[in-house]
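Peer 1: give the three-dimensional model of this entry:
(one chain, ligands or ions: 1)
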Amino acid sequence: MSGFITGLASEPGYTVVENASLEGRNSFRVPARAELLIDVARADVLPQLFDLPALKNGSVLILGAGSNILFTRDWPGVIISMTATGIRILDDRGDAALICVEAGENWNDFVHWSLANDFVGLENLALIPGTVGAAPIQNIGAYGVEVCEFIAAVEVFDRTTNAQIRLDNADCAFTYRDSLFKRTPGRYIVTAVEFLLPRARELRLDYAGVREELTTMGADTPTAPLVAEAVCRLRTRKLPNPNLIGNAGSFFKNPVVPTELAENLHRENPALPIWPATDSQRKLSAAWLIEACGLKGLREGDAGVSSQHALVLVNHGHATGAQILVLAQRVRSEVQQRFGVVLEPEPLII
Ligand code: EPU
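Peer 2: Prediction:
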(Lines give C-alpha, C1' and ligand atoms only; values in the text may rest on other atoms or scores of the structure.)
Protein backbone atom coordinates (compact mmCIF):
# COMPACT_ATOMS: atom_id res chain seq x y z
CA MET A 1 0.00 0.00 0.00
CA SER A 2 1.42 3.34 -0.97
CA GLY A 3 -0.46 5.24 1.72
CA PHE A 4 -1.09 8.26 -0.50
CA ILE A 5 -4.60 8.67 0.79
CA THR A 6 -4.76 9.64 4.41
CA GLY A 7 -6.95 11.61 6.71
CA LEU A 8 -10.25 11.06 4.93
CA ALA A 9 -12.79 10.58 7.68
CA SER A 10 -16.34 9.29 7.67
CA GLU A 11 -19.05 11.93 7.27
CA PRO A 12 -22.83 11.75 7.27
CA GLY A 13 -23.71 9.82 4.12
CA TYR A 14 -20.53 7.76 3.90
CA THR A 15 -18.14 5.69 6.01
CA VAL A 16 -14.44 5.28 5.33
CA VAL A 17 -12.17 2.34 6.22
CA GLU A 18 -8.44 2.53 5.51
CA ASN A 19 -6.45 -0.54 4.42
CA ALA A 20 -9.70 -2.48 4.30
CA SER A 21 -9.91 -6.25 3.93
CA LEU A 22 -11.98 -7.30 0.92
CA GLU A 23 -12.18 -10.98 1.80
CA GLY A 24 -15.75 -10.65 3.02
CA ARG A 25 -16.61 -8.41 0.07
CA ASN A 26 -16.05 -10.84 -2.81
CA SER A 27 -17.96 -14.06 -3.36
CA PHE A 28 -14.77 -15.92 -4.40
CA ARG A 29 -13.65 -15.13 -0.83
CA VAL A 30 -10.06 -14.51 -1.92
CA PRO A 31 -7.83 -12.27 0.18
CA ALA A 32 -7.22 -8.69 -1.02
CA ARG A 33 -7.11 -5.23 0.50
CA ALA A 34 -8.12 -1.76 -0.62
CA GLU A 35 -6.26 1.36 0.36
CA LEU A 36 -9.57 2.99 1.13
CA LEU A 37 -13.05 1.53 1.19
CA ILE A 38 -15.95 3.98 1.19
CA ASP A 39 -19.50 2.79 1.78
CA VAL A 40 -21.79 5.45 0.36
CA ALA A 41 -25.30 5.50 1.83
CA ARG A 42 -26.54 8.60 -0.03
CA ALA A 43 -25.93 9.38 -3.69
CA ASP A 44 -26.02 13.13 -3.04
CA VAL A 45 -22.62 13.00 -1.32
CA LEU A 46 -20.89 11.77 -4.50
CA PRO A 47 -20.12 15.23 -5.99
CA GLN A 48 -18.50 16.29 -2.70
CA LEU A 49 -16.56 13.01 -2.41
CA PHE A 50 -15.28 13.18 -5.97
CA ASP A 51 -14.05 16.70 -5.39
CA LEU A 52 -11.46 15.30 -2.98
CA PRO A 53 -8.07 14.98 -4.70
CA ALA A 54 -7.65 11.29 -3.83
CA LEU A 55 -10.88 10.44 -5.60
CA LYS A 56 -10.69 12.97 -8.39
CA ASN A 57 -7.38 11.68 -9.71
CA GLY A 58 -6.94 8.24 -8.13
CA SER A 59 -8.04 4.86 -9.43
CA VAL A 60 -11.56 4.23 -8.18
CA LEU A 61 -13.30 0.88 -8.32
CA ILE A 62 -17.05 0.51 -7.83
CA LEU A 63 -17.98 -2.63 -5.94
CA GLY A 64 -21.46 -4.07 -5.48
CA ALA A 65 -21.89 -7.31 -3.56
CA GLY A 66 -18.62 -8.58 -5.08
CA SER A 67 -20.31 -11.52 -6.77
CA ASN A 68 -18.82 -10.91 -10.21
CA ILE A 69 -15.23 -9.93 -9.52
CA LEU A 70 -11.89 -11.69 -9.04
CA PHE A 71 -9.20 -9.88 -7.04
CA THR A 72 -5.77 -11.19 -8.04
CA ARG A 73 -4.04 -8.40 -6.08
CA ASP A 74 -4.73 -5.54 -3.69
CA TRP A 75 -6.52 -2.45 -5.00
CA PRO A 76 -4.12 0.50 -4.83
CA GLY A 77 -6.74 3.20 -4.45
CA VAL A 78 -10.34 3.80 -3.49
CA ILE A 79 -13.22 1.35 -3.60
CA ILE A 80 -16.72 2.79 -3.51
CA SER A 81 -19.70 0.69 -2.54
CA MET A 82 -23.21 2.10 -2.87
CA THR A 83 -25.22 0.83 0.07
CA ALA A 84 -28.51 2.76 -0.18
CA THR A 85 -31.60 0.56 -0.35
CA GLY A 86 -35.22 1.35 -1.14
CA ILE A 87 -37.92 0.66 -3.71
CA ARG A 88 -40.35 3.37 -4.91
CA ILE A 89 -43.14 3.21 -7.46
CA LEU A 90 -42.64 6.38 -9.54
CA ASP A 91 -45.56 5.98 -11.89
CA ASP A 92 -48.31 3.36 -11.76
CA ARG A 93 -49.96 3.06 -15.17
CA GLY A 94 -52.23 0.18 -14.21
CA ASP A 95 -50.96 -2.40 -16.69
CA ALA A 96 -47.34 -1.58 -15.78
CA ALA A 97 -45.40 0.57 -13.36
CA LEU A 98 -42.16 2.50 -13.35
CA ILE A 99 -40.23 1.48 -10.25
CA CYS A 100 -37.06 3.10 -8.92
CA VAL A 101 -34.74 0.84 -6.93
CA GLU A 102 -31.64 2.06 -5.08
CA ALA A 103 -28.33 0.49 -6.14
CA GLY A 104 -27.62 -1.23 -2.82
CA GLU A 105 -30.84 -3.26 -2.78
CA ASN A 106 -30.28 -7.02 -2.96
CA TRP A 107 -31.25 -8.29 -6.43
CA ASN A 108 -33.09 -11.42 -5.32
CA ASP A 109 -35.01 -9.47 -2.65
CA PHE A 110 -36.17 -7.06 -5.34
CA VAL A 111 -37.25 -9.93 -7.61
CA HIS A 112 -39.35 -11.31 -4.76
CA TRP A 113 -40.74 -7.84 -3.96
CA SER A 114 -41.83 -7.52 -7.61
CA LEU A 115 -43.58 -10.91 -7.52
CA ALA A 116 -45.26 -10.19 -4.17
CA ASN A 117 -46.60 -6.96 -5.70
CA ASP A 118 -48.04 -8.83 -8.70
CA PHE A 119 -45.52 -7.71 -11.30
CA VAL A 120 -44.32 -10.16 -13.97
CA GLY A 121 -41.03 -10.40 -15.82
CA LEU A 122 -38.19 -10.88 -13.35
CA GLU A 123 -39.16 -14.42 -12.28
CA ASN A 124 -36.53 -16.11 -14.50
CA LEU A 125 -33.86 -13.96 -12.83
CA ALA A 126 -34.57 -15.15 -9.28
CA LEU A 127 -31.64 -16.09 -7.03
CA ILE A 128 -28.95 -14.32 -9.07
CA PRO A 129 -26.47 -13.05 -6.47
CA GLY A 130 -25.56 -9.37 -6.29
CA THR A 131 -27.10 -5.93 -5.98
CA VAL A 132 -29.61 -4.07 -8.13
CA GLY A 133 -26.90 -1.52 -8.98
CA ALA A 134 -24.71 -4.26 -10.46
CA ALA A 135 -27.51 -5.80 -12.55
CA PRO A 136 -27.19 -3.41 -15.53
CA ILE A 137 -23.37 -3.50 -15.56
CA GLN A 138 -23.14 -6.96 -17.04
CA ASN A 139 -26.80 -7.11 -18.08
CA ILE A 140 -27.51 -10.13 -15.88
CA GLY A 141 -29.45 -12.91 -17.53
CA ALA A 142 -30.72 -16.40 -16.94
CA TYR A 143 -33.26 -18.92 -18.24
CA GLY A 144 -33.97 -17.00 -21.43
CA VAL A 145 -34.38 -13.50 -19.95
CA GLU A 146 -31.99 -10.55 -19.72
CA VAL A 147 -32.54 -7.72 -17.24
CA CYS A 148 -32.23 -5.06 -19.99
CA GLU A 149 -35.71 -6.06 -21.19
CA PHE A 150 -37.14 -4.40 -18.06
CA ILE A 151 -34.81 -1.45 -17.51
CA ALA A 152 -36.32 1.91 -18.44
CA ALA A 153 -33.34 3.98 -17.27
CA VAL A 154 -30.24 3.86 -15.11
CA GLU A 155 -29.46 6.73 -12.73
CA VAL A 156 -25.72 7.31 -12.53
CA PHE A 157 -23.12 9.69 -11.23
CA ASP A 158 -20.83 10.56 -14.14
CA ARG A 159 -17.27 11.05 -12.92
CA THR A 160 -16.17 12.92 -16.03
CA THR A 161 -18.72 15.71 -15.46
CA ASN A 162 -19.33 15.28 -11.73
CA ALA A 163 -23.05 15.23 -12.43
CA GLN A 164 -25.93 12.93 -11.64
CA ILE A 165 -27.61 11.89 -14.91
CA ARG A 166 -30.28 9.49 -16.13
CA LEU A 167 -29.41 7.19 -19.03
CA ASP A 168 -32.26 5.71 -21.04
CA ASN A 169 -32.21 2.04 -21.92
CA ALA A 170 -30.85 2.77 -25.42
CA ASP A 171 -28.01 4.89 -23.99
CA CYS A 172 -26.84 1.90 -21.92
CA ALA A 173 -26.01 -0.13 -25.10
CA PHE A 174 -26.93 -3.45 -23.55
CA THR A 175 -25.80 -6.67 -25.22
CA TYR A 176 -25.19 -10.22 -23.92
CA ARG A 177 -23.44 -9.82 -20.53
CA ASP A 178 -22.24 -6.36 -21.54
CA SER A 179 -23.17 -2.68 -21.39
CA LEU A 180 -21.83 0.85 -21.65
CA PHE A 181 -20.92 0.60 -17.95
CA LYS A 182 -18.77 -2.49 -18.41
CA ARG A 183 -17.03 -0.91 -21.40
CA THR A 184 -16.15 2.32 -19.55
CA PRO A 185 -15.06 1.01 -16.13
CA GLY A 186 -14.88 3.60 -13.35
CA ARG A 187 -16.73 6.32 -15.27
CA TYR A 188 -20.30 5.79 -14.11
CA ILE A 189 -21.47 4.96 -10.62
CA VAL A 190 -24.92 3.43 -10.74
CA THR A 191 -26.99 5.01 -7.98
CA ALA A 192 -30.43 3.59 -8.87
CA VAL A 193 -32.18 1.61 -11.58
CA GLU A 194 -35.64 2.39 -12.98
CA PHE A 195 -37.59 -0.69 -14.04
CA LEU A 196 -40.72 -0.78 -16.17
CA LEU A 197 -42.54 -3.89 -14.99
CA PRO A 198 -45.77 -5.19 -16.52
CA ARG A 199 -48.62 -6.75 -14.51
CA ALA A 200 -49.33 -9.31 -17.23
CA ARG A 201 -46.98 -10.94 -19.71
CA GLU A 202 -46.51 -14.28 -21.39
CA LEU A 203 -44.23 -16.41 -19.21
CA ARG A 204 -40.85 -17.40 -20.68
CA LEU A 205 -40.73 -21.18 -20.23
CA ASP A 206 -38.68 -22.34 -23.21
CA TYR A 207 -35.23 -22.51 -21.62
CA ALA A 208 -34.13 -26.13 -21.09
CA GLY A 209 -35.33 -27.50 -17.77
CA VAL A 210 -37.93 -24.86 -16.83
CA ARG A 211 -41.07 -26.70 -18.01
CA GLU A 212 -39.73 -30.00 -16.66
CA GLU A 213 -39.14 -28.44 -13.24
CA LEU A 214 -42.67 -26.97 -13.20
CA THR A 215 -44.03 -30.42 -14.04
CA THR A 216 -42.01 -31.97 -11.21
CA MET A 217 -43.48 -29.33 -8.90
CA GLY A 218 -46.99 -30.29 -10.05
CA ALA A 219 -47.54 -26.73 -11.33
CA ASP A 220 -50.07 -27.40 -14.08
CA THR A 221 -50.91 -23.71 -14.47
CA PRO A 222 -47.62 -21.82 -14.19
CA THR A 223 -47.61 -18.35 -12.67
CA ALA A 224 -44.69 -15.93 -12.29
CA PRO A 225 -44.06 -16.93 -8.63
CA LEU A 226 -44.11 -20.62 -9.62
CA VAL A 227 -41.60 -19.96 -12.41
CA ALA A 228 -39.38 -18.15 -9.87
CA GLU A 229 -39.62 -21.19 -7.61
CA ALA A 230 -38.73 -23.52 -10.49
CA VAL A 231 -35.73 -21.34 -11.38
CA CYS A 232 -34.59 -21.31 -7.73
CA ARG A 233 -34.82 -25.09 -7.62
CA LEU A 234 -32.83 -25.43 -10.87
CA ARG A 235 -30.16 -22.98 -9.76
CA THR A 236 -29.82 -24.59 -6.33
CA ARG A 237 -29.33 -27.98 -7.95
CA LYS A 238 -27.05 -26.90 -10.81
CA LEU A 239 -24.86 -24.12 -9.47
CA PRO A 240 -22.51 -24.25 -6.49
CA ASN A 241 -23.83 -22.08 -3.65
CA PRO A 242 -21.46 -19.12 -3.10
CA ASN A 243 -22.34 -19.19 0.62
CA LEU A 244 -20.84 -22.66 0.84
CA ILE A 245 -18.02 -22.54 -1.71
CA GLY A 246 -16.43 -19.36 -3.07
CA ASN A 247 -17.35 -18.64 -6.69
CA ALA A 248 -18.65 -15.90 -9.00
CA GLY A 249 -21.16 -17.87 -11.08
CA SER A 250 -20.18 -18.45 -14.70
CA PHE A 251 -16.51 -17.60 -15.05
CA PHE A 252 -16.66 -17.43 -18.86
CA LYS A 253 -19.24 -16.05 -21.25
CA ASN A 254 -20.80 -18.44 -23.71
CA PRO A 255 -18.75 -17.70 -26.85
CA VAL A 256 -20.52 -16.04 -29.76
CA VAL A 257 -18.86 -17.29 -32.96
CA PRO A 258 -19.44 -17.11 -36.74
CA THR A 259 -22.25 -19.44 -37.82
CA GLU A 260 -19.91 -21.44 -40.05
CA LEU A 261 -17.57 -22.27 -37.17
CA ALA A 262 -20.54 -23.14 -34.93
CA GLU A 263 -21.98 -25.46 -37.56
CA ASN A 264 -18.64 -27.16 -38.19
CA LEU A 265 -18.16 -27.71 -34.47
CA HIS A 266 -21.71 -28.97 -34.15
CA ARG A 267 -21.21 -31.44 -37.02
CA GLU A 268 -18.11 -32.84 -35.31
CA ASN A 269 -19.74 -32.70 -31.85
CA PRO A 270 -23.49 -33.24 -32.24
CA ALA A 271 -24.06 -32.95 -28.47
CA LEU A 272 -22.61 -29.40 -28.30
CA PRO A 273 -25.51 -27.03 -27.46
CA ILE A 274 -25.75 -24.02 -29.81
CA TRP A 275 -28.19 -21.13 -29.62
CA PRO A 276 -29.09 -18.35 -32.06
CA ALA A 277 -27.18 -15.08 -31.50
CA THR A 278 -27.18 -12.67 -34.46
CA ASP A 279 -27.88 -13.16 -38.19
CA SER A 280 -24.31 -14.32 -38.78
CA GLN A 281 -23.36 -15.72 -35.37
CA ARG A 282 -24.26 -18.51 -32.96
CA LYS A 283 -23.69 -18.86 -29.23
CA LEU A 284 -21.99 -22.04 -27.98
CA SER A 285 -22.15 -23.64 -24.56
CA ALA A 286 -18.84 -22.86 -22.85
CA ALA A 287 -19.67 -25.36 -20.09
CA TRP A 288 -19.95 -28.14 -22.67
CA LEU A 289 -16.63 -27.22 -24.30
CA ILE A 290 -14.89 -27.19 -20.90
CA GLU A 291 -16.41 -30.49 -19.84
CA ALA A 292 -15.46 -32.06 -23.20
CA CYS A 293 -11.82 -31.14 -22.47
CA GLY A 294 -12.07 -33.25 -19.32
CA LEU A 295 -11.70 -30.24 -17.05
CA LYS A 296 -14.91 -30.46 -15.00
CA GLY A 297 -13.97 -31.04 -11.36
CA LEU A 298 -10.27 -30.30 -12.02
CA ARG A 299 -8.43 -28.99 -8.99
CA GLU A 300 -5.09 -27.19 -8.71
CA GLY A 301 -4.53 -26.66 -5.00
CA ASP A 302 -7.62 -24.88 -3.72
CA ALA A 303 -8.54 -23.44 -7.13
CA GLY A 304 -10.98 -25.64 -9.01
CA VAL A 305 -13.43 -26.11 -11.83
CA SER A 306 -16.72 -26.92 -10.14
CA SER A 307 -17.71 -30.57 -10.33
CA GLN A 308 -21.34 -29.36 -10.36
CA HIS A 309 -21.06 -26.96 -13.33
CA ALA A 310 -18.06 -26.75 -15.66
CA LEU A 311 -18.50 -23.01 -16.28
CA VAL A 312 -17.98 -22.11 -12.63
CA LEU A 313 -14.54 -21.79 -11.05
CA VAL A 314 -14.46 -22.30 -7.30
CA ASN A 315 -12.29 -21.58 -4.29
CA HIS A 316 -12.10 -24.78 -2.25
CA GLY A 317 -10.79 -22.87 0.75
CA HIS A 318 -7.61 -20.86 0.62
CA ALA A 319 -6.99 -20.19 -3.06
CA THR A 320 -5.74 -16.74 -3.99
CA GLY A 321 -7.21 -14.81 -6.87
CA ALA A 322 -3.92 -15.26 -8.75
CA GLN A 323 -4.21 -19.06 -8.43
CA ILE A 324 -7.78 -18.98 -9.71
CA LEU A 325 -6.62 -16.88 -12.64
CA VAL A 326 -3.87 -19.42 -13.49
CA LEU A 327 -6.52 -22.15 -13.55
CA ALA A 328 -8.77 -19.96 -15.74
CA GLN A 329 -5.90 -19.50 -18.19
CA ARG A 330 -5.38 -23.26 -18.35
CA VAL A 331 -9.09 -23.81 -19.07
CA ARG A 332 -9.05 -21.12 -21.72
CA SER A 333 -5.98 -22.47 -23.47
CA GLU A 334 -7.15 -26.11 -23.46
CA VAL A 335 -10.52 -25.13 -24.96
CA GLN A 336 -8.78 -22.99 -27.56
CA GLN A 337 -6.37 -25.79 -28.53
CA ARG A 338 -9.07 -28.42 -28.82
CA PHE A 339 -11.91 -26.40 -30.40
CA GLY A 340 -10.31 -23.20 -31.73
CA VAL A 341 -12.71 -21.14 -29.61
CA VAL A 342 -11.49 -18.38 -27.29
CA LEU A 343 -13.37 -18.04 -24.01
CA GLU A 344 -13.76 -14.57 -22.52
CA PRO A 345 -14.07 -14.17 -18.76
CA GLU A 346 -17.38 -12.91 -17.45
CA PRO A 347 -16.32 -11.38 -14.10
CA LEU A 348 -14.20 -8.28 -13.74
CA ILE A 349 -10.61 -9.36 -13.12
CA ILE A 350 -8.46 -7.04 -10.99
N1 EPU B 1 -23.34 -28.14 -19.63
C2 EPU B 1 -22.31 -29.03 -19.65
N3 EPU B 1 -21.59 -29.23 -18.51
C4 EPU B 1 -21.88 -28.58 -17.36
C5 EPU B 1 -22.95 -27.66 -17.33
C6 EPU B 1 -23.66 -27.45 -18.48
O7 EPU B 1 -22.02 -29.63 -20.67
O8 EPU B 1 -21.17 -28.83 -16.38
C9 EPU B 1 -24.10 -27.92 -20.87
C10 EPU B 1 -25.41 -28.69 -20.88
O11 EPU B 1 -25.61 -29.21 -22.16
C12 EPU B 1 -26.44 -27.61 -20.61
C13 EPU B 1 -25.81 -26.39 -21.27
O14 EPU B 1 -24.41 -26.56 -21.03
O15 EPU B 1 -27.67 -27.91 -21.19
C16 EPU B 1 -26.27 -25.09 -20.69
O17 EPU B 1 -26.08 -25.11 -19.26
P18 EPU B 1 -26.87 -24.09 -18.32
O19 EPU B 1 -28.34 -24.19 -18.58
O20 EPU B 1 -26.40 -24.28 -16.94
O21 EPU B 1 -26.44 -22.67 -18.87
P22 EPU B 1 -25.03 -22.00 -19.19
O23 EPU B 1 -25.07 -21.60 -20.63
O24 EPU B 1 -23.90 -22.85 -18.78
C25 EPU B 1 -25.95 -19.63 -18.71
C26 EPU B 1 -25.55 -18.43 -17.90
C27 EPU B 1 -25.86 -18.64 -16.43
C28 EPU B 1 -27.35 -18.93 -16.27
C29 EPU B 1 -27.70 -20.15 -17.12
C30 EPU B 1 -29.18 -20.43 -17.14
C31 EPU B 1 -23.70 -17.41 -19.09
C32 EPU B 1 -22.23 -17.15 -19.11
N33 EPU B 1 -24.14 -18.15 -18.08
O34 EPU B 1 -25.10 -20.69 -18.28
O35 EPU B 1 -25.57 -17.43 -15.76
O36 EPU B 1 -27.71 -19.18 -14.94
O37 EPU B 1 -27.32 -19.90 -18.50
O38 EPU B 1 -29.81 -19.45 -17.88
O39 EPU B 1 -24.42 -16.94 -19.97
C40 EPU B 1 -23.82 -16.29 -14.63
O41 EPU B 1 -23.85 -15.48 -15.55
O42 EPU B 1 -23.03 -16.18 -13.66
C43 EPU B 1 -24.71 -17.44 -14.67
C44 EPU B 1 -24.70 -18.40 -13.75
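
Peer 1: contacts, neighbours, all on C-alpha from now
Peer 2: Fine.

Peer 1: which bits of the stretch 1-150 of the chain sit near the ligand?
Peer 2: Where the stretch 1-150 of the chain comes near the ligand, counting by CA under 6 Å from any ligand atom, the residues are 142-144.

Peer 1: does residue 254 really touch residue 288, like I thought?
Peer 2: No - counting by CA atoms under 8 Å, residue 254 does not reach residue 288; the two are 9.8 Å apart.

Peer 1: which one's more surrounded, those two?
Peer 2: Taking neighbours as other CA atoms under 10 Å, residue 254 and residue 288 compare with residue 254 leading, 25 against 18.

Peer 1: at which residues are the strands of the stretch 151-300 of the chain located?
Peer 2: Assigned by DSSP state E, counting those that start in this stretch, the strands in the stretch 151-300 of the chain fall at 151-158, 163-168, 188-198, 246-250, 256-258, 274-278, 281-284, 299-300.

Peer 1: poorly predicted segments of the protein, please.
Peer 2: 1-7 (pLDDT under 70).

Peer 1: pop the domain breakdown of it in here.
Peer 2: Following automatic domain parsing, one gets these domains for the chain: 2-82, 87-198, 246-349.

Peer 1: in CSV, list these along with distance to residue 223.
Peer 2: Output for the domains of the chain, formatted as CSV (distance: least, CA to CA, whole Å):
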stretch, distance to residue 223
domain 2-82, 29
domain 87-198, 9
domain 246-349, 26
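
Peer 1: how about these, which one is nearest residue 206?
Peer 2: domain 87-198 (7.3 Å; CA to CA).

Peer 1: endpoints of that closest one, how far apart?
Peer 2: Domain 87-198 has an end-to-end distance of 16 Å (criterion: CA to CA, to the nearest Å).

Peer 1: show me what from the stretch 251-350 of the chain comes close to the ligand.
Peer 2: Within the stretch 251-350 of the chain, the positions adjacent to the ligand are 252-254, 273, 285, 287-288, 291, 309-311 by CA under 6 Å from any ligand atom.

Peer 1: take those and lay them out in CSV including distance to residue 95.
Peer 2: Shown next, in CSV, are those (distance: CA to CA, whole Å):
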residue, distance to residue 95
252, 38
253, 35
254, 35
273, 37
285, 37
287, 39
288, 41
291, 45
309, 39
310, 41
311, 38
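
Peer 1: show me which of the residues you listed are buried.
Peer 2: Neighbour counting with 16 or more other CA atoms under 10 Å marks 252-254, 285, 287-288, 291, 309-311 as buried within these.

Peer 1: let's see which of those end up in helices.
Peer 2: 287-288, 291 (DSSP state H).

Peer 1: can you redo the residues you listed as JSON lines with distance to residue 326?
Peer 2: JSON lines is the format used below for these (distance: CA to CA, whole Å):
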{"residue": "287", "distance to residue 326": "18"}
{"residue": "288", "distance to residue 326": "20"}
{"residue": "291", "distance to residue 326": "18"}
